[in-house]
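Enquirer: This is a predicted model, with the sequence first.
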Amino acid sequence: MPRRVGTTYSGRIAAATPSPSGPSLTVTVAPTPPATPLDPRGHPLPRRHLVCAVARILRSPAASPTPLADLADYLRGLRLTLTAAEASEVVKALSPDPALALAFFRFAPASLPGFRHDAFSYNRALALLFRTRADPGEALRLVAEMERDGVAGNISTVNLLVGMGGGGVEVTKCLELAVKWGLRLNGYTYKCILQAHLRSREVSKGFQVYDEMRRKGYRLDIFAYNMLLDALAKAGMALGKNKMVDKVIFVLSKMIKGDCQPNQFTYSITLDILATEGQLHRLNEVMDICDRYMNRSIYSYLVKSLCKSGHASEAHNVFCRMWNSYENGDREAFVSMLEVLCNSGKTVEAIDLLHMMPEKGITTDVTMYNMVFSVLGKLKQVSFITSLLEKMKANGIAPDLFTYNIMISSYGRVGLVDKASGLFEEMEASSCKPDVITYNSLINCLGKNGDLDEAHMLFKEMQEKGYDPDVFTYSILIECFGKSNKVDMACSLFDDMIAEGCIPNIVTYNILLDCLERRGKIAEADKYYETMKQQGLTPDSITYSILERLESRSQRTVRIRKPARVTASAFGQPCLKSSIFGTGMILSKRTNAVIPDTPLLGTTDVLDAFEDEYGGVVVDPTFLLNTSNAFSASLRSSLSYWSRQYEDIFFGAVREAREETGIESCILDVVAFWHAHQVTFDKSDILFICTLKPLSFDVSVDESEIEAVQWMPLDEFINQPFHQEDEMCKAIVDICMARYQKCYTGFGAYQVTSKLDNRVAYLYFQDTLEAAGCVPETSWYKV
């Protein structure tokens, strides 16, 4: 009777050897694989050592060109296969290399015996596609493989597919799959559907999903609410002006009712929508709704955001609300409010706020005072500066370098040279020593107030004390010498500047070229212009204006000279404005004359004259004709000669803005024009209303032309009684507001050439052809 063995083995015959006693066999015995461990729900747990081994084989840098074949040999040698859960973990481990991970995903069912993917492993592959932002069509092909293999997806599959889709048809297909697989949508699924619609700008469908979620009792989180608000902001005017703001307030009210606390992004979107729709007055309504979540940090954020966007009155409203709500203030909010008051030119309110800060526990410092000093200086309110400086010192705050620089510059603006010099001497005697900016401010103050010799001496002193003059120092002195008719000194200083290694900028060249042009030194101006081009500087609008004057000057047959800033003419005799029959006269005109090189009236000569700095013509009384008839004929010829001027509308608008306000700008369009008869001197008048884009923001008032200039909030400008009570002004403001809100298009300027005279001219029309799909096939459109 044979003996029973305690353990049963299975093996493979490796070799057979014959012998006298019978054949002998060599058998290779492999142990029986242990049973796969299961989790409490009965699902097999991944074998971590096997997952690591598989990932290592596939990622090994020393692997063969066919790592998947090597993996198959490895598993076959161990008589092992992988479960779907283990394959899912391998895909996760290989996710840094998406191509390899997806290759393994498709390799497993094709090469491993008995292997079959389940819904979880398919979800892992879908998540990989989602993370790599693959084409949604790739995901749908994977779903088709699932259905072909008889694998039903779960709710996570639907969520991933919705997240990859863009709304519309894709979402519909995902919902059809959910019904086919017998799945019930959960709150996260609805959130994914909502996001998909909003990403596709399908705001109405997004709100339908939101309403369905509320009916079923699902709650959104802060992320979903912010997506709703952001979608409303991007929807723009499609929902209608009032309707969009109402929607925003509705969403906010439901958000607060659902105990979802808004964050800064929520308030940022809300502010953008209210500002875009011109309904910032409803901000109080928003703050009332969110009242239980309002705190100092949120108030501070609102104040700073409104200040940065230029809504001073609304920022002040929020600031007052914060002031009344808390005993202690927020320093950043106070500084922002102080800054917006300064930028708006409300100096009295800024000074009051500065003095009231200690009441709310805010300690004032020299930086805050400097902010107010700066705006007072720009507005030339030096009386406030002096008293505020005394108040600052009384509060124990010592002025710093910036304070002194601001003060010296401010006194220089109003011609208080002695006070500026006194502050400079005070600095030298204190521990706060002057710097290059201090010297520049005082040099500018001295030079532009007639003390050019003192300015030059200070320049030399600056160099002796080891301060290196910068481009601003040289530019200031060159301008001062130029305006004092010391052109040779200005050119010498420019040459010294280059020799010292200080590179001039476009402003320096503009100052020097302007100086040379006004003194009629065309050859020297051309030489320095060539130097500027060799330096690689790009001319700006001021440069081109000077070049036009140089070109015009080179074509003149009369002598045009620039007088000094004195009451006498260049010939030592006064220029009387009261009568054209005095010792001289001024003929005012609105633009610079362009005098051609051909006579207008036969051999009649024009009067010898030169342009003044206000765009007029000053006649040289030395060379007046002896007889009244000859003078009358020459005067008529001269008037016709000088009146042949040209200036395009857009160039004139830019020039007027620069000359009267000091603001550089570029033209956007002509929005309207006004035509009236029997106006000044019983003549007809045409007024063009243009929109300009500012390129600089510092104002410099030409008091001979206008009384005052300042930047102000749009609402404050519109609500001025003058604009509200005057019918024409109100109409102009309404047109400009419509242009600003992009509800109206003005007339753009387009170059055209006519065969009548072969000259380039400008055609003004509304550029709405392209928007209407009616773009003409011509060569002139959008030159």
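Expert: Structure's in. What do you need? Numbering: from 1, shown residues only.

Enquirer: what about the helix or strand harbouring Ala69, distance to the chain center?
Expert: In the assignment (DSSP states H and E), Ala69 maps to helix 67-77. In terms of CA atoms, centre = their mean, to the nearest Å, the centre of helix 67-77 is set 58 Å apart from its chain centre.

Enquirer: Need the residues that contact it.
Expert: When contacts are defined by CB atoms under 8 Å, 6 or more residues apart in numbering, helix 67-77 is touched by residues 53-54, 57-58, 60, 63-64, 81-82, 103-104, 107, 111-112. In this view, the C-beta of every residue, glycine as well, is placed from N, C-alpha and C.

Enquirer: mind redoing it with 7 Å?
Expert: For helix 67-77, contacts defined as CB atoms under 7 Å, 6 or more residues apart in numbering pick out 54, 57-58, 63-64, 81, 103-104, 107, 111-112.

Enquirer: Can you tell me which of these are buried?
Expert: Neighbour counting with 16 or more other CB atoms under 10 Å marks 54, 57-58, 81, 104, 107, 112 as buried within the contacts of helix 67-77.

Enquirer: could you dump those to CSV with pLDDT?
Expert: Below are the buried ones among the contacts of helix 67-77 laid out as CSV (pLDDT from 0 to 100):
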residue, pLDDT
Val54, 88
Ile57, 86
Leu58, 87
Thr81, 82
Phe104, 89
Phe107, 89
Leu112, 84
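
Enquirer: What is the nearest of those residues to Arg282?
Expert: Closest to Arg282 out of the buried ones among the contacts of helix 67-77 is Phe104 (56.9 Å), distances taken as CB to CB.

Enquirer: helix or strand for that closest one, which one?
Expert: Phe104 belongs to helix 98-111, assigned by DSSP H and E.

Enquirer: any idea of the angle that helix forms with helix 67-77?
Expert: Helix 98-111 and helix 67-77 are oriented at 40 degrees to each other (axes from the mean of the first three to the mean of the last three CA atoms, to 10 degrees).

Enquirer: what are the C-alpha coordinates of helix 98-111, in PDB please?
Expert: Output of helix 98-111 as PDB, limited to C-alpha atoms (Å, rounded to 0.1, in the frame of the first residue of the first chain):
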ATOM      1  CA  PRO A  98       1.100  59.500 -19.400                       C
ATOM      2  CA  ALA A  99       2.000  57.800 -22.600                       C
ATOM      3  CA  LEU A 100       3.700  54.800 -20.800                       C
ATOM      4  CA  ALA A 101       0.800  54.600 -18.300                       C
ATOM      5  CA  LEU A 102      -1.800  54.400 -21.100                       C
ATOM      6  CA  ALA A 103       0.300  51.900 -23.000                       C
ATOM      7  CA  PHE A 104       0.400  49.700 -20.000                       C
ATOM      8  CA  PHE A 105      -3.400  50.200 -19.500                       C
ATOM      9  CA  ARG A 106      -4.100  48.800 -23.000                       C
ATOM     10  CA  PHE A 107      -1.300  46.100 -22.700                       C
ATOM     11  CA  ALA A 108      -2.800  44.400 -19.600                       C
ATOM     12  CA  PRO A 109      -6.100  42.900 -21.100                       C
ATOM     13  CA  ALA A 110      -4.300  42.000 -24.300                       C
ATOM     14  CA  SER A 111      -1.300  40.200 -22.800                       C
END
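
Enquirer: contact partners of that helix?
Expert: Under CB under 7 Å, 6+ apart, the answer for helix 98-111 is 58, 68, 72, 82, 87, 90-91, 94-95, 115-117, 125, 128, 132.

Enquirer: Of those residues, which is the most crowded?
Expert: Ala87 (28 neighbours; other CB atoms under 10 Å).

Enquirer: just to revisit the earlier point, from the chain's centre, how far out does the next helix or strand after the helix holding Ala69 sit?
Expert: Going down the chain from helix 67-77, the next helix or strand is helix 84-93, by DSSP H and E. Relative to its chain's centre, helix 84-93 lies at 47 Å (CA atoms, centre = their mean).

Enquirer: what mean pLDDT does helix 84-93 have?
Expert: Across helix 84-93, pLDDT averages out at 88.

Enquirer: Stretch 432-447 too?
Expert: Averaged across stretch 432-447, pLDDT comes to 88.

Enquirer: residues making contact with the host helix or strand of Phe265?
Expert: Following DSSP H and E, one finds Phe265 within helix 264-276. Residues outside helix 264-276 that contact it (CB under 7 Å, 6+ apart) are 225-226, 229-230, 232-233, 244-245, 248, 252, 280, 282-283, 286, 298, 301-302, 305, 309, 311.

Enquirer: following it, which helix or strand comes up?
Expert: Next along from helix 264-276, by DSSP H and E: helix 283-289.

Enquirer: So Val471 sits against Thr508, correct?
Expert: Yes. Assessed by CB atoms under 7 Å, Val471 is found in contact with Thr508 at 6.1 Å.

Enquirer: Report the secondary structure state of the closest residue to Thr691 other than its chain neighbours.
Expert: Of all residues not flanking Thr691 in the chain, Leu668 sits nearest, at 4.3 Å (CB to CB, 6 or more residues apart in numbering). Put simply, Leu668 is strand when judged by DSSP: H, G, I helix; E, B strand; the rest coil.

Enquirer: ok, back up a step: list the buried residues in the helix holding Phe104.
Expert: Those would be 98, 100-102, 104-105, 107-109, for helix 98-111 by 16+ other CB under 10 Å.

Enquirer: Tell me which residues touch the residue most central in space within the chain, please.
Expert: Nearest to the mean C-alpha position of the chain, by CA atoms, centre = their mean, lies Ser309 at 11.4 Å. Ser309 sits next to Ala275 when contact means CB under 7 Å, 6+ apart.

Enquirer: do the same with Val303
Expert: Taking CB under 7 Å, 6+ apart as the test, what Val303 contacts is 315, 318-319, 322, 333, 336-337.

Enquirer: got TSV for these, with distance to Thr270, secondary structure and pLDDT too?
Expert: Converted to TSV, the contacts of Val303 look like this (distance: CB to CB, whole Å; DSSP: H, G, I helix; E, B strand; the rest coil; pLDDT from 0 to 100):
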residue	distance to Thr270	secondary structure	pLDDT
Ala315	15	helix	85
Val318	13	helix	87
Phe319	18	helix	86
Met322	17	helix	85
Ala333	18	helix	84
Ser336	18	helix	84
Met337	20	helix	85
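
Enquirer: which one of those residues is nearest Gly150?
Expert: Once CB to CB is applied, the member of these that ends up nearest Gly150 is Val318, at 62.0 Å.

Enquirer: ok, that closest one touching Ser300?
Expert: No. Using CB under 7 Å as the test, Val318 is too far from Ser300 to be in contact (9.4 Å).
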